[in-house]
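> Return a 3D structure for these sequence lines:
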Amino acid sequence: MSSAAEQEAVERERADEGRSARPAAVLDGRRRPVPAVPVWPGAPTPLGARFRAGPDGAVGTNFALWAGGAETVELCLFDGRGTESRETRVALTELTHEIWHGFVPGVMPGQRYGYRVHGRWDPWTGARWNPAKLLLDPYARAVDGDFGLPPEVYGHVRDWPDQRVADTVRDERDSAPYVPKGVVVHDDDDWSDDHRPKTPWADSVIYELHVRGFTRLHPGIPPELRGTYAGLAHPAAVDHLVRLGVTAVELLPVHQFAHEDHLLRRGLRNYWGYNSIGYFAPHAAYASTGTTGQQVGEFKRMVRALHAAGIEVILDVVYNHTAEAGELGPTLSLKGIDNRGYYRLRSDGRGYADYTGCGNTLHVVQPQVLRLITDSLRYWVTEMGVDGFRFDLAAALARSMHDVDMLSPFLAVIAQDPVLRRVKLIAEPWDVGSGGYQVGAFPPLWTEWNDRYRNAVRDFWRGALPDVRDLGYRLSGSSDLYAWGGRRPYASVNFVTAHDGFTLRDLVSYERKHNEANGEGNRDGSDDNRSWNCGAEGDTDDAGVRAVRRRQLRNLLTTLLLSTGVPMLVAGDEMGRTQRGNNNAYCQDNETGWVDWSLLEDPGWRELFELTSRLIALRHRHPVLRRRAFFSGRAHSADGLRDLAWFTAHGQEMTEGDWYAPAPTLGMYLSGRDIPGRDARGAPVVDDSFLAVLHAGEGPVDFVLPQGPWARRYELVVDTSREEQSRPPGTPHRAGATVTVPARTVLLLRVVE
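Prediction:
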């Protein structure tokens, strides 16, 4: 039979209304006849590939794909691997509310599959259907294979002579050999043996880590498990988290992601994973057990192990954009299913509205996009066991048509969803578009990464804070940002460092970024680091510089863990991890990006870990350090004692004028006698009172300890000028006495009477 005749026969089969009820005559990817495959009508819900029992007790898989505007949808089933993989195409003829669906008996878990979607090719109006491109199911529960980006995976002719219109010329080459496939997964886990920690927000301490980077070099984890979910579940990894005292891990993206072409061409890979393409699939490269569905079970076992240790699992999720980039990007999934339905397009219809800096922005106002995101979120909570989410560039999700809108469909749906409103929700409250900076604006239920905390604390300790007003707000819970609409101090996720930027050690070792290894001429990464190298750029043998750096690290960690709000640490900062000045290690899947566990063999870095652990334990013991309500600053008793008071080095309460002047020294008094709320049995919450003295000056300062009604005697608990911190100082001081605070030091004193 000629090629034209073959095509005509296939088209006749597609037009046959009764086709879905009988075996389908199909052709494989090489256009050879293959045995008929039965396809029954199936159901339009749930979306994705769901293994289940069908009519008359038959078992198989129901496939359902939303593809608005498509003319034909073909399900593609694959046997074998690599160049020997054989493709069987089955047309889905049942269409219900723009969902193409069918039940294929005999298709079992482990089956690899994808879709080809037919429709108009008219990029000038945003229509980019191209059946030559195999597409990943947006609802795939597992993904097998990796994304390379040869020319065949682009819907347009990438090397067209006139690049100005290259994206408008359709590429007819088959992409199937070059793209991963979805995998049918059978999921019948009810989580009845799992016990979620359900740590209250105010009691939380978050630890941001990368699954691969945290475990890749850990000597206590078997080599075959390093870099994987199983590695993070290993007792050696869990033990470190428990000894540190954190209550939650925030995992850098674990949704299936792809590597950008510009990185692959430079011999690099996307390490952080902020380039998602599969919102239901755990990233296959982090699995030790296999990639044809085994990664799902391995991820669940990791969650169970962390829960058993009292540690919650929060996912950093990227729903604002996908790995398909802009009009010159590859066609991997949504772009080929319904480009206009999934992405925000510019007014010309051809280009993409880009509020993310990554080439595209999901059009969350569209019902099918909103459904994709919320279905994904509920799946990770109910079927994968996670406890919350940190939303990358969350302002992009909160945009209505153009502007950021706190009454947007996305935020409204989350607020009323019976599953999602009960988990931890963290916003990165900005995007790169106009009006995208929204710190303090997200509604109740949400917490936010508070970059104003980061900036104020960095500036204070490097001696660049113009006045101390902003620092006072940040240390006490940022009431200027969050004391509205019923929000609480724990709406502020306080951090000094994050994955994006310098590590804590590099923050005190470099004044300039050193990103040459990224291959972008050191142009990438932020230039606004607010760092201080303490007298030398990078590594140095100068003992004086090194001593100052270690003291600064102790100061920054102590400040963070004594502040009201939710502290977030970055993996390795507690033991001096360095990236050698690289402040944008997104493509460094190597020793630069991985945690160096040998640091714990150094007594100095081991002391930093011990101090961090001790400060977290102190925070857990004392509710005055993790308040559930904002300070009032007013006296609650006849003696004039207030829940919060601020002091100068002279032991006098700060005046209005003091707040508007630069000051290297600040005293913060926290009263344990005036903590709002009651405990679980209805009794008042009473705690010790503390005085924290923060001194960022280059020389020592004499600080007068406040007298009555604040205290009659104090006991020194933390002194960051001391290198050795394994035992608390315990030094007593009477109120009114003058204590000498060494240069660049935090003192924490407990009121003992």
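
> The closest residue to Thr331 other than its chain neighbours: what's it in contact with?
Counting by C-beta to C-beta, 6 or more residues apart in numbering, Gly155 is the residue found nearest to Thr331 once chain neighbours are left out, at 3.5 Å. Where C-beta positions appear, they are placed from N, C-alpha and C, glycine not excepted. When contacts are counted by C-beta atoms under 8 Å, 6 or more residues apart in numbering, Gly155 touches Arg128, Asn130, Lys133, Arg170, Asp171, Pro330, Thr331, Lys335, Gly336.

> Take the residues you listed and keep only those in strands.
Arg128 (DSSP state E).

> that older thread, quick check on the residue nearest to Thr331: phi, psi?
phi -70, psi -20 (degrees, to the nearest 10).

> likewise the one 10 residues further on?
Main-chain torsions, Val165, degrees, to the nearest 10: phi -120, psi 10.

> For it, the count of nearby residues, please.
Using other C-beta atoms under 10 Å, the number of residues around Val165 comes to 14.

> Could you do the one 3 residues further on as well?
A total of 17 residues lie near Thr168 under the criterion other C-beta under 10 Å.

> Now do the contacts for it.
Taking C-beta under 8 Å, 6+ apart as the test, what Thr168 contacts is Pro123, Trp124, His156, Arg350.

> Now rank these by neighbours and give me the top one.
Busiest of the contacts of Thr168 [other C-beta under 10 Å] is His156, holding 22 neighbours.

> Name the helix or strand for the closest residue to Ser376 other than its chain neighbours, please.
Leaving aside its sequence neighbours, Ser376 sits nearest to Tyr279 (C-beta to C-beta, 6+ apart; 4.0 Å). Taking DSSP states H and E as the criterion, Tyr279 maps to strand 276-282.

> What helices and strands are in contact with that strand?
strand 142-144, strand 255-257, helix 294-308, helix 367-382 (3 or more C-beta pairs under 8 Å, 6 or more residues apart in numbering; DSSP states H and E).

> cutoff 10 Å now
strand 142-144, strand 181-183, strand 255-257, helix 294-308, strand 312-317, helix 367-382 (3 or more C-beta pairs under 10 Å, 6 or more residues apart in numbering; DSSP states H and E).

> could I get the ones you listed as CSV with mean neighbour count, mean pLDDT and distance to Trp191?
As requested, the helices and strands packed on strand 276-282 are exported to CSV (neighbours: other C-beta atoms under 10 Å; pLDDT from 0 to 100; distance: least, C-beta to C-beta, whole Å):
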stretch, mean neighbour count, mean pLDDT, distance to Trp191
strand 142-144, 27, 98, 18
strand 181-183, 28, 98, 21
strand 255-257, 24, 98, 20
helix 294-308, 21, 97, 8
strand 312-317, 24, 98, 13
helix 367-382, 19, 97, 8
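
> between these, which one is nearest to Arg196?
helix 294-308 (6.0 Å; C-beta to C-beta).

> returning to what we had before: what angle do the strand holding Tyr279 and helix 367-382 make?
40 degrees (axes from the mean of the first three to the mean of the last three C-alpha atoms, to 10 degrees).

> tell me the centre residue of the chain?
Asp316 (1.9 Å; C-alpha atoms, centre = their mean).

> Show me what that residue bridges to in the sheet.
Arg390 (DSSP bridges).

> Contact partners for it?
Contacts for Asp316 (C-beta atoms under 10 Å, 6 or more residues apart in numbering) come out as 208, 210, 250-255, 272-274, 389-392, 426, 428, 499.

> Cheers, nothing more for now.
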